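Novice: 3D model of this:
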Amino acid sequence: MKEERKKIAILGCGWLGLPLAKSLLSKGYKVKGSTTSESKLKLLKNAGISPFQIQLEEHQIIGSIKDFLKETDVLVIDIPPGLRRETSTSKEMTFVNKIKNLIPLIEKSGVQKVIFVSSTSVYGDGFPIVEITEETKPNPDTESGKQLVIAETLLQSNKDFKTTVIHFGGLLGDDRHPVKFLAGRTNVENPDAPVNMIQREDCIGIIEKALNFARDDNWEWNQNFNAVAPQHPTRKTYYHKKAEILNLPLPTFAKNSESKGKIISSEKVETILGYSFQKEI
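Specialist: Residues are numbered from 1 along each chain as shown. Below you'll find the predicted structure:
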């Protein structure tokens with residue numbers, strides 16, 4: 001008897017969520033996907049994804065969230081905090097409140113397992129530069145990182161479902177590369193800090209590896225994974241090389257200053273999930 005494929009709901013079919021959904025469909029999963037944009041519903045439907053228009057707000061959730069979560073084996077939450085421009089002194093727990101609104105609905109839906117897409121920004125930069133593992137205590141130095149840590153704790157401490165958290169590094173792929181924002185800039189900080197990047201294809205592969213364990217009752221689902229490519233050149237070396245490849249003006253880095261940073265280890269992804277990185281940065 002053929003085993004029924006798992007039903008996955010992806011909350012946030014954006015830059016990562018949409019290609020993830022398409023990849024899962026190609027492997028036989030049944031996939032629901034959400035978008036905040038009405039114009040994108042047709043795109044999802046044409047791809048074979050069951051489309052839902054859902055908007056998470058601080059005090060309410062707009063859209064058919066109950067139907068979206070209904071009969072779902074694993075919920076993937078892939079919604080960025082969108083707090084980069086806010087300062088660390090901000091009192092507004094915007095993203096945290098969105099997750100707080102979502103949690104009771106996950107409880108009522110009967111969803112047992114969640115994958116929360118997070119970021120290595122939960123670990124702050126330091127001097128001297130040290131290696132970061134999943135055992136390292138988060139010490140975010142940005143507002144988005146701080147709210148991600150709180151959101152992770154809220155999800156993983158819930159007794160009605162279990163949450164695997166994946167901390168991705170800087171996201172790369174297609175036309176997305178941070179060198180385009182640094183090209184031609186002067187006095188860029190932290191020239192000797194190592195980069196922690198990951199290609200979108202590897203993000204998808206790692207999430208799919210985690211999903212493979214969803215039916216395994218002996219697997220500890222409530223755990224964290226750090227996920228970045230194993231290459232860690234310095235910022236100066238890396239961005240100069242990429243600028244040259246893309247024919248962009250080289251950024252100029254600050255001189256005579258100590259570089260703060262971190263090296264994110266992905267050893268747990270490779271050993272516990274058994275994932276081999278496919279793309280260099």
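
Novice: How much space separates the residue nearest to L24 when sequence neighbours are not counted from G184?
Specialist: Take L24 and drop its neighbours on the chain: the residue closest to it by CB to CB, 6 or more residues apart in numbering is V31, 5.2 Å away. The way it works is simple: take the backbone N, C-alpha and C, and place the C-beta from them, glycine included. According to CB to CB, to the nearest Å, V31 and G184 sit 41 Å apart.

Novice: Just want to know which of these two has more residues nearby.
Specialist: Shown here are V31 and G184; by other CB atoms under 10 Å, V31 has more neighbours (24 against 10).

Novice: Which is the succeeding secondary structure element to the helix or strand hosting that one?
Specialist: Using DSSP states H and E, V31 sits within strand 30-35. With elements assigned by DSSP H and E, the helix or strand that comes after strand 30-35 is helix 41-46.

Novice: Show me what the helix or strand just after that next one pairs with in its sheet, parallel or antiparallel.
Specialist: Going down the chain from helix 41-46, the next helix or strand is strand 50-53, by DSSP H and E. With DSSP bridges as the test, strand 50-53 is paired with strand 30-35 (parallel).

Novice: which residues sit in contact with R5?
Specialist: 27-30 (CB atoms under 8 Å, 6 or more residues apart in numbering).

Novice: repeat that for 6 Å
Specialist: With contact set as CB atoms under 6 Å, 6 or more residues apart in numbering, R5 has these partners: 28-29.

Novice: A helix includes it, no?
Specialist: No - using DSSP: H, G, I helix; E, B strand; the rest coil, the assignment for R5 is coil, not a helix.

Novice: where does the chain dip in pLDDT?
Specialist: Within the chain, the ranges that satisfy pLDDT under 70 run 1-4, 83-91.

Novice: mind listing the helices in it by residue range?
Specialist: In the chain, the helices defined using DSSP state H lie at 17-26, 41-46, 65-69, 94-109, 143-156, 179-182, 200-211, 235-245, 267-271.

Novice: by contact count, what packs against the last one?
Specialist: Meaning helix 267-271. With contacts defined as 3 or more CB pairs under 6 Å, 6 or more residues apart in numbering; DSSP states H and E, helix 267-271 has these neighbours: strand 224-227.
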